[in-house]
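> Here is a sequence together with a model predicted from it:
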Amino acid sequence: MSDRTRHADPTSAAATSTTSRLHLPARHLSRRRFLALAGGLVAVGCSSDGGIVSPVGSTTTRPSTDAPTTTASGSGGPVPTTAPGTVTSVTVPDEATDGRVLVVVRLDGGNDAANTVVPDLGSYRDLRPSIALADDVLLDHTALPGHALHPSLAPLVPLLDSDELAVVAGVGFADPDRSHFTSIDRWDRADLMDETIGWLGRWLDTLDADLPSLGALALGDAGLVMAGRSRQPTVIQDVDAFAYPSGVSNADIRALADGTTGDPLRDAARSAFLASVGAVEEFDEIADAVRDAESADADGEFAPPSGPFANGLAVAAELIRSDVGTTVVSVSGSGFDTHAGQLDLHAALLDDLATGIAEFWSTLRRSGDADRVLLMTTSEFGRRAFENGSAGTDHGAGGCSFLVGDPVTGGLHGTIDTDDIVDGDLRPTFDPREMFTACLDWLGADAERVLGARHDHTFLA
């Protein structure tokens, strides 16, 4: 750290955050029990009129599309090929290499890069007379030459010290679009805009082995990134609500599906329904395990996580630690669309993010699972280089992301250059697909096949 004593209280504005909580509340979970739940976590069953019913609070996933596919031969047999320009013969992995898990943390709304990774030089303060961060509160680090971190990111400094955090500055597509919807789709589809599935969904489709109920899980908004043609993620928007109505027992629910009808479709739906009842029960054990984890204050009382990232990542850590077959998990939090009153809100959001990541990594280190996990943050775009008239920033282009894990080449990748402005925006210098390629390589996937082409950068050692 430099002698600028860059430390501030990152929690002072926590009460100003308007993001909704996942209410992620933790008993240890049996891998055998989860693997038995092949019917899927989101409960489905037949109503009296043949329709589909779901448990209260659950969210069914996006249906598969009926777009045509071709096939490619691999060790696991025919698999869908959806990305243009891909290779036609690949070796399909049976599962993620060495039980590896990719965690995607979504900063929904468009995170402001210039107030997250603050440049020491250039016109930063001239462009932001009222929202530029004071020099004496910023976090300097030798791994971030010419830049400093927002003070709310103090919990991430030990990860910089241990070379486990890569700060990717200036990430974004070369021809940016300031629309939330278009930009999110570009990130989720890896810019293959004629596709109706996500880049991780394309990879999940290639897996030869059965995907467990919690193999691909989204906590909060799933987006399109994990949606494939043959496989879909389980989506839980509110963990507390992922249950049946109060007063209705699991025995009552099971009774609805007792017996057989002689109709194969209805019987299959009943079987899936019963499996899903068990999944709801078991997921409750994950939530209880988080609640029971070592997260106590000085008096020994439980101190629950305070925001969507801290909550979601606590559940993600328990999923990984419990070894229930999770391969990809996403955690999302909104509120980053900071058009007005940005300073306090942004501080609270980044505090939740940094606290969540730090606690997540600490939990995985204690359990011995950190070496098989890679975490990546995403956001659909950065903000404008200059502040607006409401002490905020509008939709921009170049943003920033974090990569966390043992294989990461730590430190700063790229730059936030407020003197290199394109139409009022920070210039994107890293294509998001460079991060995607690194993640897919680490998972043991064929990045060229999934993305249509490789986009290489040495984010990982």
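Great, that's in hand.
> Tell me where the stretch 351-461 of the chain has strands.
Taking DSSP state E, counting those that start in this stretch as the criterion, the stretch 351-461 of the chain contains strands spanning 373-378, 399-404, 411-414, 421-422, 425-426.
> List the buried residues for the third one?
When you say that, I think you mean strand 411-414. Neighbour counts using 16 or more other CB atoms under 10 Å place 412-414 of strand 411-414 among the buried residues. C-beta here means a position set from N, CA and C on the backbone, and glycine is covered the same way.
> So which of those residues is the closest to Val373?
His413 (19.8 Å; CB to CB).
> so where's the chain shaky on pLDDT?
In the predicted model, the chain carries pLDDT under 70 at residues 1-97, 239-261, 271-283, 287, 291-306.
> One more pass at 50, please.
Within the chain, the ranges that satisfy pLDDT under 50 run 1-21, 23-95, 294-298, 302.
> ok so, going back, got a markdown table for the strands of the stretch 351-461 of the chain, with distance to Asp120 too?
Formatted as a markdown table, the strands of the stretch 351-461 of the chain follow (distance: least, CB to CB, whole Å):
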| stretch | distance to Asp120 |
| --- | --- |
| strand 373-378 | 23 |
| strand 399-404 | 15 |
| strand 411-414 | 12 |
| strand 421-422 | 17 |
| strand 425-426 | 15 |
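> closest one to Trp442 among the ones you listed?
strand 373-378 (5.5 Å).
> Direction-wise, compare that closest one with strand 399-404 and give the angle.
With axes from the mean of the first three to the mean of the last three CA atoms, to 10 degrees defining the directions, strand 373-378 sits at 170 degrees from strand 399-404.
> what residues does strand 373-378 touch?
Residues outside strand 373-378 that contact it (CB atoms under 8 Å, 6 or more residues apart in numbering) are 100-107, 187, 320, 353, 357, 360-361, 364, 401-405, 407-408, 432, 435, 439, 442.
> which residue ranges form the helices in the stretch 151-300 of the chain?
Secondary structure of the stretch 151-300 of the chain (DSSP state H, counting those that start in this stretch): helices located at 157-161, 180-188, 199-206, 250-255, 264-292.
> Next secondary structure after the longest one?
In the C-terminal direction, the helix or strand that comes right after helix 264-292 (DSSP states H and E) is helix 308-322.
> on that earlier part again, restricted to buried residues, select the contacts of strand 373-378 in PyMOL.
In PyMOL, this line selects whichever of these come out buried by 16+ other CB under 10 Å:
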select buried, resi 100+101+102+103+104+105+106+107+187+320+353+357+360+361+364+401+402+403+404+405+408+432+435+439+442
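> residues in contact with Glu387?
Listed by CB under 8 Å, 6+ apart, the contact partners of Glu387 are 127-131, 342, 393.
> Apply 7 Å and report the result again.
Applying CB atoms under 7 Å, 6 or more residues apart in numbering to Glu387 gives the contacts 127-128, 130-131, 393.
> re the thing from before, which one among the buried residues of strand 411-414 gets closest to Ala316?
Taking CB to CB as the measure, His413 is the one of the buried residues of strand 411-414 closest to Ala316, at 24.2 Å.
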